[in-house]
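Chemist: Kindly return the folded structure for what I paste below:
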Amino acid sequence: MSQRNIQQLCVSAKEQLSTAIGKMETFLNHTPLQQLAEGQDEETILFYQGYLCDLRHLLVFSEVCKEKLGIVLRRGTFDQESAEKVLYQVYHDCVNRFFYPKNESYSEDGRYAYTGQDAIRFRKKPVRAARDLILDITGEFEELRDALSYYESDYLTQLRMRKSQDKPAYNQ
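Modeler: The predicted model follows:
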């Protein structure tokens, strides 16, 4: 991939992360567990605890990756290798964390992805604000996943090939 394409990918990834971060921060700053779980049974309270925990982790990883993208983009000369490393981290730390949350409060059901319906399915029915947040930021993470799908496996293969070429040949 050309340096210009990678640089543009860094810019768009940073913008998408910024959008998602803003929405997550607003939700987390204004929605305590007590408000979500008020009058609910123990299982629902555990659901919301897991939901908020996953959201906080996603927010932290997204902020870290956004900052790293900013550093890569602010450098005097664009370092393509560093940029690719950060894009790999965005894919694995942010995109994967969004689509595969540890506490599994929601998941993506691929059967709905091409029907125009929401592909996100919740383990328990959440309050509207919690549901709307995930559905709202899904678009950002879907776009990131599509744009960065190369970094799922091809990037690691490329790194391994570089390392094997850098190793000196041994005489037997």
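Chemist: Poorly predicted segments of this protein, please.
Modeler: By pLDDT under 70, the low-scoring segments of the chain are 1, 110-117, 153-172.
Chemist: Helices of this protein, start to end?
Modeler: Listed in chain order, the helices of the chain (DSSP state H) span 3-30, 33-37, 42-74, 80-89, 96-99, 128-147, 150-166.
Chemist: Can you add distance to Ser105 and mean neighbour count and give these back as CSV?
Modeler: Every residue, glycine included, has its C-beta placed from N, CA and C. Shown next, in CSV, are the helices of the chain (distance: least, CB to CB, whole Å; neighbours: other CB atoms under 10 Å):
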stretch, distance to Ser105, mean neighbour count
helix 3-30, 14, 16
helix 33-37, 11, 14
helix 42-74, 4, 17
helix 80-89, 24, 18
helix 96-99, 12, 18
helix 128-147, 9, 17
helix 150-166, 24, 12
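Chemist: Tabulate those helices in JSON lines, adding columns for distance to Phe122.
Modeler: Formatted as JSON lines, the helices of the chain follow (distance: least, CB to CB, whole Å):
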{"stretch": "helix 3-30", "distance to Phe122": "15"}
{"stretch": "helix 33-37", "distance to Phe122": "13"}
{"stretch": "helix 42-74", "distance to Phe122": "9"}
{"stretch": "helix 80-89", "distance to Phe122": "27"}
{"stretch": "helix 96-99", "distance to Phe122": "14"}
{"stretch": "helix 128-147", "distance to Phe122": "7"}
{"stretch": "helix 150-166", "distance to Phe122": "25"}
